[in-house]
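Peer 1: Sequence first, predicted model second:
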Amino acid sequence: MTESSFSRKDMIAVLIFAAFILIVLPLALEPFRLNLVGKYLTYGFVGLGLVLCWGDAGILSLGQGIFFGLGGYCMAMFLKLEASTPAATKIQSTPGIPDFMDWNQLTALPWFWRPFHSLAFTIAAVPLVPALLAFVIGLAMFKRRVGGTYFAIITQAIAAILTILIIGQQGYTGGVNGITDLRTLLGWDIRTDHAKLVLYFISGGLLIACLLLAQLVRRSKLGRILVAMREREDRVRFSGYDVANFKIFVFCAAAALAGIGGAMFTLQVGFMSPSFVGIVPSIELVIFTAVGGRTSLLGALYGTLLVNWAKTTFSEDLPQLWLLAMGALFIAVVVAFPNGLAGLVQENVAPLLARLRPRLRPVPSATVDAPKQGAVR
Amino acid sequence: MFMGYSLGDLGSILAMQGFAGLVLFSVFVLMALGLAIIFGQMGVINMAHGEFMILGAYVTFLCSRLFAAYLPGAFALYFFLAIILAFCASGLLGMAVEWALIRHLYKRPLDTLLATWGLSLILQQVYRSIFGAREVGVELPGWMMGSTHLTEQIEIPINGLIVMVLTTLITLAVYLLIFRAGWGRQVRAVTQNRAMASAVGIDTERVDRLTYGLGCGIAGIAGSAFTMIGSTSPTAGQLYIVDTFLVVVFGGAQSLIGTIASAFTISQARSTMEFFLSGSMAQVLVLLSVVGILMLRPQGLFVLKVRR
Amino acid sequence: MTEPADFLLAVEGLTVSFDGFKAVDDLSFYVDANEIRVIIGPNGAGKTTVLDLICGRTRASAGSVRFRGRELTRLKEHQIVQAGVGRKFQTPSIYEDLTVFENLEISFPRGRSVFGALAFRRDEAVRERVREVASLIFLEPMLGERAEALSHGQKQWLEIGMLLIQDPALLMLDEPVAGMSVSERRKTAELLRRVLRDRAVLVIEHDMGFVEDIAHRVTVLHQGRVLSEGSMQHVKSDPKVVEVYLGH
């Protein structure tokens, strides 16, 4: 790592965030609420990817739900197989296969389910399956210089296709209910409060590891090339770079991050369903990032936490108002604050600092620094 | 024979599914026409297009109720008034939205996408508050209900025929307006070079507002047509938005013929396949082939080669 | 006569048409190493299109572009750059959000693959080279500034610097002094002469004073074809040129 990779400000901002989610929240919240936060944090993985892909490289994917879902389904398939031992499913007409397969008259485990008996394979598949699909999509689109709005629409269509497919193929996927009734991970019951606490910390730790990794990418020359590409694609191309490869890379990286988030979601929430795959969840993931600030990694994470916290609070008390508030939020962020919370903080550092609570204080400094991508010294 | 159907049966099935596809085709064409004007001519992505359509559907629903309650004698004719009102309601709302929202975002096409998505959420919630979350259906006047028999086996629903005629008329009108009259030239001039268009005396703000309003108004008419094949609910529009965008992109966003041809291909493929496969698999296969073709030919099917 | 292979750049029979309109029509010309060649011609003569064709931005309908004996028309843009052709665009094309240093660093010819860029380290060799080029383009004091803060002329120089740092054997500049003050033009001419060692420069320019100042040879394009070629003196006295271009 060179001296320009991480500034002290960045490290402090990351440490504050780490302390916030790993110490403050676990102490302050009851287990049920903490589990909710854990769920939100899994969307944070997607946010990190979107900052790289959309904020930096300018590629808007409206299909991040696809990758989140794929990662989540990979994990759910492993857990479901573990829960479907012949002993546990002996009342089925074909014991040893997941219950929904039996309900749909399947008599043998489909071939693509078989490798998911192995935890090692599953852990590898969680980032790799989404990345592979992203690679195929990226190869087809970016090599042909399709980008911008067309790319957004195509990714959205793919999200729609995948949802319809999952819902339609009940026997293979569990249909609209998804894969439910997940119990143990290598014999360890994941439904207990204690297990959920442990999983929260694993998920939080992983998120911070991914945050640092994403930071590393942004601070490398590759990060600067992404920004350069967003501004002057032709100049980058005529400086000897194969622009498509960089787009494919960042799209795959975002997909892999989303996949990890999906797997952590499945573990903490205990099921996976098509309602996290389609158009609506995909676009919501974009909005979390937009609200936090599309060019700030930490901004995207705080934004995700904040919007989801608001969503839960509002939709418990005033569900009708929530959709209106969310719609208005979209519009306001896009029209008036394109750089989201991070941008607001950045533009009003001084006045805001005084009003912010102490634990949030170093955040502005990190977000101010982020768009500059590592100054020269 | 194929799946146990005789050749004659297959012919009738294709013909009848074809006519069933025609209504879907009409709704697609009307939706896609509006979107093609907004996206193809102005470069704006209107994710709330489905909600503009649903507004037209609700206006039609209200019309049918009002006529049934106060003018039962004229009920047979309410549909024609409903179409005009639907066009006006969606068009006016579109112009208001352009003024409040879209005009700030012409330089950021990706952001229009997000902002109009926010708009669609708001509209859905407004519909839900006014009309309730349940689906509502429109009562058709008696003369529009039946069907005519072409042959012994093939019958065509009359409402389907009416929608077809309506679609043809509107398509013709749009063609004349955008491609034959000076209006289309002005719209394209504004999109390509706002400053220059304004310098040669085009009122760019007026052109933008009317174009956006026109696109949304046609979506409103699509909503009127939609009431004949589906029931109206606050979120019904969202189901159509992806398909419609694919229709527009598939046909090549700037080409009217392309839009119609691709709406025809997609709707026909879907309704024909639906007879043999489950509805969802038909949809998956059609969407998948469209996406596949777009990956091979990203500029759409009907676009001229131009200098980059 | 020398063999075509001896030329640094040999353009032969180059043709491209847009919807039937031939923007460049059976064009041939040759550029030596260490030569400053200026292409002039009236608007629409196809000057920029010729540069686009050489650097791969536009694909030729027919003809060949050989560079150091290597055929360019089948290569992708980045491969052409890596083969040693640098291209400056008409309007300054730099990364406004990045600093001058970072602009030059991105153009430094190392770590051009995805993983190469990830592993790229800003070592002494990079800093050294960036400073060297920065002093050549008169921007050494501005290295830490964001590029959007530069004046128009400085942006033009920065883009030239971004090409120089790649050390191309052929430098193509599209109207490099457009919008520059008189003193900036003089400095640019001096800059071009200084960077000439071991490389050729192909320039499109409208400013005749500047052309006379720098050109070794001039090629006059008209309607996609070569109208005249030779020294500035020769071209100026060619009656065909006088008629279509310099005459009025």
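Peer 2: Looks like it arrived, so ask away. Numbers count the residues shown, from 1 in each chain, chains lettered A, B, ... in the order given.
Peer 1: how close does the residue of chain C found nearest chain B sit to chain A?
Peer 2: For chain C and chain B, the shortest gap (Cβ to the nearest Cβ) falls at C:Phe18, measuring 4.6 Å. Every residue, glycine included, has its C-beta placed from N, CA and C. Counting by Cβ to the nearest Cβ, to the nearest Å, the gap from C:Phe18 to chain A is 18 Å.
Peer 1: Find the centremost residue of the chain, please.
Peer 2: Going with chain A. Most central in chain A under Cα atoms, centre = their mean is A:Val46, positioned 2.0 Å from the mean C-alpha point.
Peer 1: You answered for a different chain; I wanted chain C.
Peer 2: Most central in chain C (Cα atoms, centre = their mean) works out to C:Met172, at 1.1 Å.
Peer 1: For residue 281, which non-adjacent residue is spatially closest?
Peer 2: Reading this off chain A. Of all residues not flanking A:Pro281 in the chain, A:Gly65 sits nearest, at 4.3 Å (Cβ to Cβ, 6 or more residues apart in numbering or on different chains).
Peer 1: that answer is for a different chain, and I need it for chain B
Peer 2: A:Gly168 (5.7 Å).
Peer 1: hang on, the earlier thing: so who does the residue nearest to the centre of chain A touch?
Peer 2: By Cβ atoms under 8 Å, 6 or more residues apart in numbering or on different chains, A:Val46 lies in contact with A:Gln64, A:Phe67, A:Phe68, A:Ala254, A:Leu257, A:Ala258, A:Gly261, A:Leu285, A:Phe288, A:Thr289.
Peer 1: Can you point out the buried residues in the helix or strand hosting the third one?
Peer 2: Under the assignment given by DSSP states H and E, the secondary-structure element containing A:Phe68 is helix A:64-83. The neighbour-count criterion (16 or more other Cβ atoms under 10 Å in any protein chain shown) identifies A:64-83 as the buried residues of helix A:64-83.
Peer 1: pLDDT at the closest residue to chain B within the stretch 251-377 of chain A, what is it?
Peer 2: Chain B sits closest to A:Phe330 of the stretch 251-377 of chain A, with a gap of 2.7 Å, by Cβ to the nearest Cβ. pLDDT, A:Phe330: 83.
Peer 1: can you tell me how far it sits from A:Lys311?
Peer 2: In this view, A:Phe330 and A:Lys311 are 13 Å apart by Cβ to Cβ, to the nearest Å.
Peer 1: And those two? Which one has more around it.
Peer 2: A:Phe330 (25 against 16; other Cβ atoms under 10 Å in any protein chain shown).
Peer 1: who does the helix or strand containing the residue nearest to the centre of chain C touch, helix- and strand-wise?
Peer 2: Element membership for C:Met172 (DSSP H and E) is strand C:170-174. Using 3 or more Cβ pairs under 8 Å, 6 or more residues apart in numbering or on different chains; DSSP states H and E, the elements in contact with strand C:170-174 are helix C:47-55, strand C:85-88, helix C:152-164, strand C:200-204.
Peer 1: Only the C-alpha atoms, please, for the host helix or strand of C:Ala23, written as CSV.
Peer 2: In the assignment (DSSP H and E), C:Ala23 maps to strand C:21-31. C-alpha atoms of strand C:21-31 as CSV (Å, rounded to 0.1, in the frame of the first residue of the first chain):
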residue,chain,number,x,y,z
PHE,C,21,-21.4,10.5,-48.8
LYS,C,22,-17.7,10.0,-49.2
ALA,C,23,-16.1,12.0,-46.5
VAL,C,24,-12.6,10.7,-47.3
ASP,C,25,-12.1,9.4,-50.9
ASP,C,26,-9.2,7.3,-52.0
LEU,C,27,-6.7,9.3,-49.9
SER,C,28,-3.0,8.6,-49.9
PHE,C,29,-0.1,10.3,-48.1
TYR,C,30,3.1,9.5,-46.3
VAL,C,31,4.7,10.9,-43.2
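Peer 1: for chain C, what are the nearby residues on the stretch 151-300 of chain A?
Peer 2: Within the stretch 151-300 of chain A, the positions near chain C by Cβ under 8 Å from any Cβ of the partner chain are A:217, A:220-222, A:224-225, A:227-228, A:231-232, A:234-243, A:245-246, A:249.
Peer 1: Name all residues that make contact with the residue nearest to B:Met281.
Peer 2: A:Gly175, B:Ser278, B:Ser280, B:Met281, B:Val284.
Peer 1: Tell me where chain C has helices.
Peer 2: C:47-55, C:77-83, C:100-107, C:114-119, C:124-136, C:152-164, C:182-194, C:208-214, C:232-237, C:239-241 (DSSP state H).
Peer 1: tilt between the third one and helix C:124-136?
Peer 2: For helix C:100-107 and helix C:124-136, the angle between their directions (axes from the mean of the first three to the mean of the last three Cα atoms, to 10 degrees) works out to 120 degrees.
Peer 1: Is any residue of helix C:100-107 near chain A?
Peer 2: Yes. On the criterion Cβ under 8 Å from any Cβ, helix C:100-107 is in touch with chain A at C:Phe101, C:Glu102, C:Glu105, C:Ile106, C:Ser107.
Peer 1: And the first one, how far from C:Leu191?
Peer 2: Going from C:Phe101 to C:Leu191 by Cβ to Cβ gives 19 Å.
Peer 1: more neighbours, the two?
Peer 2: Shown here are C:Phe101 and C:Leu191; by other Cβ under 10 Å, C:Phe101 has more neighbours (23 against 19).
Peer 1: from what I can see the more buried one touches C:Pro141, true?
Peer 2: No. The pair C:Phe101 / C:Pro141 is not scored as a contact, 11.8 Å apart, by Cβ atoms under 8 Å.
Peer 1: I'd like to know how many residues surround the nearest residue to B:Ala76 once chain neighbours are set aside.
Peer 2: Distance criterion Cβ to Cβ, 6+ apart; nearest residue to B:Ala76, sequence neighbours excluded, is B:Pro141 at 4.4 Å. B:Pro141: 16 surrounding residues under other Cβ under 10 Å.
Peer 1: Just name whatever secondary elements the strand holding C:Ala23 is in contact with.
Peer 2: Secondary elements touching strand C:21-31 (3+ Cβ pairs under 8 Å, 6+ apart): strand C:9-18, helix C:47-55, strand C:225-230.
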